[in-house]
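K.L.:
sequence and predicted structure below; questions after.
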Amino acid sequence: MVHLSHKFSTIPINFIPKQFSKHLPQQIQSQTTPPFIPFSQRQNQRSLLESQLISALNCCTSLTQIQQIHARILRKGFEQCCYVLTKLIRILTKMEIPMDRYAKLVFNQVENPNPFLCTALIRGYCLQGLVKESVFVYSEMRKKSVLPISFTFSALFKACGVVNDVDLGRQIHGQTILIGGFGFDLFVKNSLIEMYVKLGFLGCGRKVFDELPERDLISWTELIVGYVKAGDMESAGELFSELPKKDMVAWTAMVTGYAQNAKPREALEFFERMLHEGVETDEVTLVGVISACAQLGAAKYANWIRDIVENLGFSPTRCVVVGSALIDMYSKCASVEDAYKAFKVMEEKNVFSYSSMIAGFAMHGYAYAALELFHEMVKIGIKPNKVTFIGVLTACSHSRMVEQGRQIFESMEEKFGISPGVDHYSCMVDLLGRAGCLEEALNLAETMPLEPNGGVWGALLGACRTYSNPDIAQIAANHLFELEPNAIGNYILLSNIYASAGRWNDVLMVRKMMREKGLRKNPGCSWLETKKGVIQEFFAGDMSHPRYGEMKQVLEDLLNRLKAIGYQPNMNSIAYDVSDEEKRRILITHSEKLALAFGLLDINADFPIRIMKNIRICEDCHSFICRVSQITRRVIIVRDNLRFHHFHDGKCSCGNFW
DNA sequence: TTAGGGTTAG
């Protein structure tokens, strides 16, 4: 049975008047007249065929299969059947098959497209980034007087979000008001809020929200997310508390919001409230909580969330997103071994899992492992992205692997088609700088094709501190003072560099700049996880700890034992022009030393002492802790603001190069 | 058919 068009789809071919038959395709004309079949039976046959085509489309797993079904659609005379064609377009969209040519073919053939077909095309184009085509389909459907449906506008708003075109969004918003009924459609309004939020027009989103005669959970959650993305957790929280009925998604938006806005403690508090109220959690919630634990960096939190994740049945083995989040968390909570265990058991690995693991190895100084993993992912066909290269280059940088770093940097564009961004240049400046090639690093910063940012000049300034080069430091610092006038760390670094060169007048000048800007030095602060799992805080120079007397005794004993094996306090670490005696006093009360003393008193000898620090570990503390690990035979792990140092038997995993 | 997700350098 062959049919001509969707419109007359129930009319069999032999009913077509003869004068039209010459327009029919050859194969159809040549058919012999089929026997007469009653109307109801013909209809049954057609709907049977239709459902067969739909199920066949549902089973497609490749473009070739889709093409075969398309041929069948044409053969069976369904080329005007919007229902089947809509399904075809949706399948193409779902499988992310570039559909431009295909969609045009379909759209040009259909005489009377229905709103569903047009909308599927608009959505498909939009999700493939072909927004102009989306808008073209919309104008075509208007020309053909096809009335849009709510989802048409929703897809169009999404398209505007993809291309960052708020003006187009506003025009389409106008259309929703012109075309009867949509001005009050909640689904359309929600999509509009989503678009405004995505494009950063939070005020416009709020206005649409406020003017809604009624709202649903989705409207509320969209706006909450808007505030989260804008970093305004206070407004997000207010809105959340006003939300009459909260579901898992809204709760999760808050948990991840706190995690994304560097408020990990609040994220955990929210998560606990969520559990307490009996709200269900899923892998998305857990990913937010895991990320918060990673920021806290304590093994205690890592173990706590590990148990929850396992109890809920989300092991890294089965869920790639949870797995990647766990890898990152374990790396940042001092256990790169646990990170690697999680990585190994993952059944599915993607660019996120590899990049997280590479960054984890880099952070702990395992450069070779990082590089090996990078080569492995390339070999098995996982394409690295920009973030992957940051990890790989950092690994090279922290292990003085200049040549490997250079090669990888060059391969980015040549082999992987990724043009290096300013952050990659900053890694390269860091790589060269750490290796002592300060002139070359300066040259790269000055000649790179992109505008260098604070990262680039900061890397150079850091290298100048390592190699005591006040002249290049001054160049880097001048750039930094312009780019980041209020970043206290840059002033401290420059002042330290001048101090170690004995240029005390310059030190005073930097101090004056800081005073004039009203900048105050961040006090050095360290944290230690005690035997009972409590996090204790230690500030530099703080003598108010209840066990300070014991801690002081421990430090003095250590100092005497270390002096006997050749340790001398490193006065260059102090950027004050004070007496040597005063420098010694300042050095011995650095926060990491206080934490170490407490750790030695509190933590059993079989366990490592884990210390976290808010700023970079100083030279003196590094060498002090190194030797302490030798004479006490203790494993001491310090996480500073950049990376980990594993001290064991008088050696550090960073190889004294950090 | 619309809302929440993992990796980033000084």
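P.N.:
Perfect, thanks for sending it. Residues are numbered from 1 along each chain as shown, chains lettered A, B, ... in the order given.
K.L.:
tell me how far residue A:127 lies from residue A:100.
P.N.:
Counting by CB to CB, to the nearest Å, the gap from residue A:127 to residue A:100 is 12 Å. Yep, even glycine has a C-beta here, placed from its N, CA and C like the rest.
K.L.:
list residues touching both of these two?
P.N.:
Overlap between the contact sets of residue A:127 and residue A:100, as judged by CB atoms under 8 Å, 6 or more residues apart in numbering, is nil.
K.L.:
between these two, who's got more neighbours?
P.N.:
residue A:127 (17 against 12; other CB atoms under 10 Å).
K.L.:
what score does the residue nearest to the more buried one when sequence neighbours are not counted have for pLDDT?
P.N.:
Nearest non-adjacent residue to residue A:127, counting by CB to CB, 6 or more residues apart in numbering: residue A:93, 5.8 Å away. As predicted, residue A:93 sits at a pLDDT of 85.
K.L.:
can you pull the contacts of residue A:93?
P.N.:
Counting by CB under 8 Å, 6+ apart, residue A:93 touches A:99, A:120, A:123, A:124, A:127, A:128.
K.L.:
and it, what element?
P.N.:
If you go by DSSP states H and E, residue A:93 is part of helix A:82-94.
K.L.:
is that helix anywhere near DNA strand B?
P.N.:
Yes - using CB under 7 Å from any atom of the strand, helix A:82-94 reaches DNA strand B at residue A:90.
K.L.:
tell me which residues of that helix come out buried.
P.N.:
Buried residues in helix A:82-94, counting neighbours by 16 or more other CB atoms under 10 Å, are found at A:82, A:84, A:85, A:86, A:87, A:88, A:89, A:90, A:91, A:92, A:93.
K.L.:
residue in the stretch 1-150 of chain A nearest to DNA strand B?
P.N.:
Closest approach between the stretch 1-150 of chain A and DNA strand B, counting by CB to the nearest atom of the strand: residue A:90, at 6.0 Å.
K.L.:
which parts of the stretch 251-400 of chain A sit against DNA strand B?
P.N.:
A:252-253, A:256, A:259-260, A:281-285, A:287-288, A:291, A:294, A:319-325, A:328, A:350-353, A:355-356, A:359, A:363, A:385-388, A:390-391, A:394, A:397.
K.L.:
narrow these to those that are buried.
P.N.:
The neighbour-count test (16+ other CB under 10 Å) marks A:252-253, A:256, A:259-260, A:281, A:283, A:285, A:287-288, A:291, A:294, A:319-325, A:328, A:352-353, A:355-356, A:359, A:363, A:387-388, A:390-391, A:394, A:397 as buried among those.
K.L.:
and the residues you listed, which of them are in strands?
P.N.:
The strands, defined by DSSP state E, take in nothing from those.
K.L.:
shaky segments in the stretch 501-650 of chain A?
P.N.:
Counting by pLDDT under 70, the stretch 501-650 of chain A shows low-confidence ranges at A:575.
K.L.:
spatially, what comes nearest to the residue in it that DNA strand B sits nearest to if we skip its sequence neighbours?
P.N.:
Taking CB to the nearest atom of the strand, DNA strand B has its nearest neighbour within the stretch 501-650 of chain A at residue A:642, 4.7 Å off. Nearest non-adjacent residue to residue A:642, counting by CB to CB, 6+ apart: residue A:616, 6.3 Å away.
K.L.:
contact partners for residue A:476?
P.N.:
A:442, A:445, A:457, A:458, A:460, A:461, A:464.
K.L.:
the helix or strand harbouring it close to DNA strand B?
P.N.:
Here residue A:476, judged by DSSP H and E, is contained in helix A:470-483. Yes - judged by CB under 7 Å from any atom of the strand, helix A:470-483 comes into contact with DNA strand B at residue A:480.
K.L.:
and for the residue lying closest to residue A:468 once chain neighbours are set aside, the neighbour number?
P.N.:
Nearest in space to residue A:468, with sequence neighbours left out and distances taken as CB to CB, 6+ apart, is residue A:500 at 5.6 Å. Per other CB under 10 Å, the neighbour tally for residue A:500 reads 19.
K.L.:
what's the answer for residue A:468, then?
P.N.:
Neighbour count for residue A:468, taken as other CB under 10 Å: 12.
K.L.:
which SS state does it fall under?
P.N.:
coil (DSSP: H, G, I helix; E, B strand; the rest coil).
K.L.:
quick one, what contacts it?
P.N.:
Counting by CB under 8 Å, 6+ apart, residue A:468 touches A:497, A:500, A:501.
K.L.:
list the contacts for residue A:419?
P.N.:
Taking CB under 8 Å, 6+ apart as the criterion, residue A:419 is in contact with A:412, A:413.
K.L.:
pLDDT on the helix holding residue A:476, on average?
P.N.:
96.
K.L.:
could the C-alpha coordinates of the helix or strand that it is followed by be exported in PDB?
P.N.:
Next in sequence after helix A:470-483, counting helices and strands by DSSP H and E, comes helix A:488-500. Presented in PDB, the C-alpha positions along helix A:488-500 are these (Å, rounded to 0.1, in the frame of the first residue of the first chain):
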ATOM      1  CA  ILE A 488      48.700  40.900  49.400                       C
ATOM      2  CA  GLY A 489      50.900  37.900  48.500                       C
ATOM      3  CA  ASN A 490      52.700  39.700  45.700                       C
ATOM      4  CA  TYR A 491      53.900  42.500  48.000                       C
ATOM      5  CA  ILE A 492      55.000  39.900  50.600                       C
ATOM      6  CA  LEU A 493      56.900  38.000  47.900                       C
ATOM      7  CA  LEU A 494      58.700  41.000  46.600                       C
ATOM      8  CA  SER A 495      59.500  42.200  50.100                       C
ATOM      9  CA  ASN A 496      61.000  38.700  50.900                       C
ATOM     10  CA  ILE A 497      63.100  38.800  47.700                       C
ATOM     11  CA  TYR A 498      64.500  42.200  48.600                       C
ATOM     12  CA  ALA A 499      65.100  41.100  52.200                       C
ATOM     13  CA  SER A 500      67.100  38.100  51.200                       C
END
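K.L.:
after helix A:488-500, which helix or strand is next?
P.N.:
helix A:504-516.
K.L.:
give the next helix or strand downstream of that next one.
P.N.:
For helix A:504-516, the succeeding helix or strand toward the C-terminus, using DSSP H and E, is strand A:525-529.
K.L.:
residues contacting that next one, please?
P.N.:
A:298-300, A:535-540, A:591-592, A:594-595, A:598-599, A:602, A:609-615.
K.L.:
cool, stretch A:499-512 as well?
P.N.:
A:465, A:468, A:470, A:491, A:494, A:495, A:498, A:572, A:574, A:575, A:576, A:577.
K.L.:
which of the residues you listed are buried?
P.N.:
A:465, A:470, A:491, A:494, A:495, A:498, A:572, A:574, A:575.
K.L.:
what angle do helix A:504-516 and the helix holding residue A:476 make with each other?
P.N.:
Relative orientation of helix A:470-483 and helix A:504-516, computed by axes from the mean of the first three to the mean of the last three CA atoms, to 10 degrees: 10 degrees.
K.L.:
tilt between helix A:470-483 and helix A:488-500?
P.N.:
On the basis of the same axes, to 10 degrees, helix A:470-483 is oriented at 160 degrees to helix A:488-500.
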